[in-house]
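1. got a predicted structure plus its sequence, pasted below:
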Amino acid sequence: MNWDNQNNNKNEQDPWGRNNQNDLSFDDLIKKFSLMFGKQTSGSNGSSGGSGLKFPTKKTFVYAVFGLIVLYASMCVYQLDSPERAIVLRFGEYHEETGEGLNFMLAGVDTKYVENVALTRRYSQTANMLTKDENLVDVTVSVQYRIKNLRDFVLNVKDPESSLREATESSLRHVVGDNTLEETLTTGRETIARDVDVRLQRYLDLYQTGLVIQQVNIEKTDPPSAVKPSFDDVVAAREDKVKLQNEAERYGLSIVPEARGQSFARIQAAEAYREEVVANAEGEVARFDKLLAEYKKAPKVTRDRLYLDAMQTLYGNSTKIMVDVEGGNNLMYLPLDKIIQQNKSQEDNK
């Protein structure tokens, strides 16, 4: 026996004595499927024309079924991120709501709708509105919202965002219609935004859209283009008015304290003068009472004393004296100031 041939035969057999076939690559497997389904087969085992490669029909069916099962399973499994939610409908009817992670559905039977419920969405529109005082104004409003109830969002309304736009315009027209043109263009914008927010949320809850309003902003309010120049003049005049009022208030705040200080000082001076006058008068009255008592005791002496005191006071304040001589036409001139000055000089020389 040829041992080399025996060894070769052993290498071609498996441990159970069956012949080994080379491992088929993926390309070979594709070729098998192509030949099997592209040409007609004959016999129970089936033979591919031309290639001589045999492929069992039963095994092919198993592979096909297995592939379909894998494909169908991959279509039934889906994954959602943390902010996402999904609504699953089975035969068109609500079945369940799924959340984050891997989820399962019956492909071909179930239908899923996936939405990001944590995403804040924004909608903006500009519309021409009629105010309470029958004026037209262009109002630009922006609405920030998100999905609160995914089931209502998917099932109750055909187009929730279209309903949101219509409800926004309706709310805005109602609120602007309750305000005048001046309020809409100037001071009432925050109040209008707050009222639109409340009314719009009420409409969305009534429609069961599943949306929640987070914020409403009145971004811009403009008068119609035909009257815009005139309105700009009115706004400029209003700003000038406010500016002049502020300047007047600032001047008043600076001048009023100063005037109050001057008024207080004058009041204090008047009170001091009054006290001084009253004290002098009281002193004169007391002095007169004492003189009166002395006068009653010695009238002539008191009169002479009063006369001499009066003359002393009078001449003490005069520097020159003219003396009329009785029975004559001559006048005597006494230069008291020079006499006093001469006496002081003599005293200084001594």
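-> Perfect, thanks for sending it. Residues are numbered from 1 along each chain as shown.

2. pLDDT value on residue 5, please?
-> For residue 5, the pLDDT comes out at 45.

3. actually residue 105, sorry about that
-> Listed pLDDT for residue 105 reads 87.

4. what's it sitting at in phi/psi?
-> Taking degrees, to the nearest 10, you get phi -150, psi 160 for the backbone angles of residue 105.

5. check contacts around it.
-> For residue 105, the residues meeting the contact criterion (C-beta atoms under 8 Å, 6 or more residues apart in numbering) are 76, 78, 88, 112. In this view, the C-beta of every residue, glycine as well, is placed from N, C-alpha and C.

6. for this protein, which helix is longest?
-> When the chain is scanned for its longest helix (criterion: DSSP state H), the result is helix 228-297.

7. against which helices or strands is it packed?
-> helix 299-316 (3 or more C-beta pairs under 8 Å, 6 or more residues apart in numbering; DSSP states H and E).

8. coming back round to it: the longest helix of the chain relative to helix 299-316, how many degrees between them?
-> When axes from the mean of the first three to the mean of the last three C-alpha atoms, to 10 degrees is applied, the directions of helix 228-297 and helix 299-316 differ by 140 degrees.

9. tell me how far helix 228-297 is from the chain's mean position?
-> For helix 228-297, the distance between its averaged C-alpha position and the chain's averaged C-alpha position is 47 Å (C-alpha atoms, centre = their mean, to the nearest Å).

10. and if you look at stretch 343-350?
-> 94 Å.

11. what's the mean pLDDT across stretch 214-233?
-> Here stretch 214-233 scores 83 as its mean pLDDT.

12. now the helices for the chain?
-> Defined through DSSP H, the helices belonging to the chain, from first to last, are 3-11, 26-38, 57-76, 150-155, 160-176, 181-185, 189-207, 228-297, 299-316, 336-349.

13. mean neighbour count and distance to residue 131 added to those helices, as JSON lines?
-> Putting those into JSON lines (neighbours: other C-beta atoms under 10 Å; distance: least, C-beta to C-beta, whole Å) gives the following:
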{"stretch": "helix 3-11", "mean neighbour count": "9", "distance to residue 131": "99"}
{"stretch": "helix 26-38", "mean neighbour count": "12", "distance to residue 131": "74"}
{"stretch": "helix 57-76", "mean neighbour count": "11", "distance to residue 131": "57"}
{"stretch": "helix 150-155", "mean neighbour count": "18", "distance to residue 131": "34"}
{"stretch": "helix 160-176", "mean neighbour count": "18", "distance to residue 131": "6"}
{"stretch": "helix 181-185", "mean neighbour count": "20", "distance to residue 131": "5"}
{"stretch": "helix 189-207", "mean neighbour count": "17", "distance to residue 131": "11"}
{"stretch": "helix 228-297", "mean neighbour count": "10", "distance to residue 131": "13"}
{"stretch": "helix 299-316", "mean neighbour count": "11", "distance to residue 131": "88"}
{"stretch": "helix 336-349", "mean neighbour count": "10", "distance to residue 131": "93"}
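
14. which of those helices comes out lowest on mean pLDDT?
-> Taking each of the helices of the chain in turn, the one with the lowest mean pLDDT is helix 3-11, at a mean of 45.

15. nearest residue to residue 306 other than its sequence neighbours?
-> Excluding the flanking residues, the one nearest residue 306 by C-beta to C-beta, 6 or more residues apart in numbering is residue 291, at 7.3 Å.

16. hmm, the one you found is touching residue 299, no?
-> No - assessed by C-beta atoms under 8 Å, residue 291 is found out of contact with residue 299, at 11.2 Å.

17. show the pLDDT at the residue lying closest to residue 152 once chain neighbours are set aside.
-> Of all residues beyond its chain neighbours, the one nearest residue 152 is residue 210 (3.3 Å), with distances taken as C-beta to C-beta, 6+ apart. Residue 210 is assigned 91 on the pLDDT scale.

18. ok, residue 210 touching residue 160?
-> Yes - in this structure, residue 210 sits in contact with residue 160. The criterion is C-beta under 8 Å, and the distance is 6.6 Å.

19. between these two, which contacts overlap?
-> The overlap between the contact sets of residue 210 and residue 160 (C-beta under 8 Å, 6+ apart) consists of residue 153.

20. tell me the domain ranges of the protein?
-> Per the record, the chain has its domains at 121-224, 318-350, by automatic domain parsing.

21. include distance to residue 64 when you put the ones you listed into JSON lines, please.
-> Rendered in JSON lines, the data for these read as follows (distance: least, C-beta to C-beta, whole Å):
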{"stretch": "domain 121-224", "distance to residue 64": "37"}
{"stretch": "domain 318-350", "distance to residue 64": "150"}
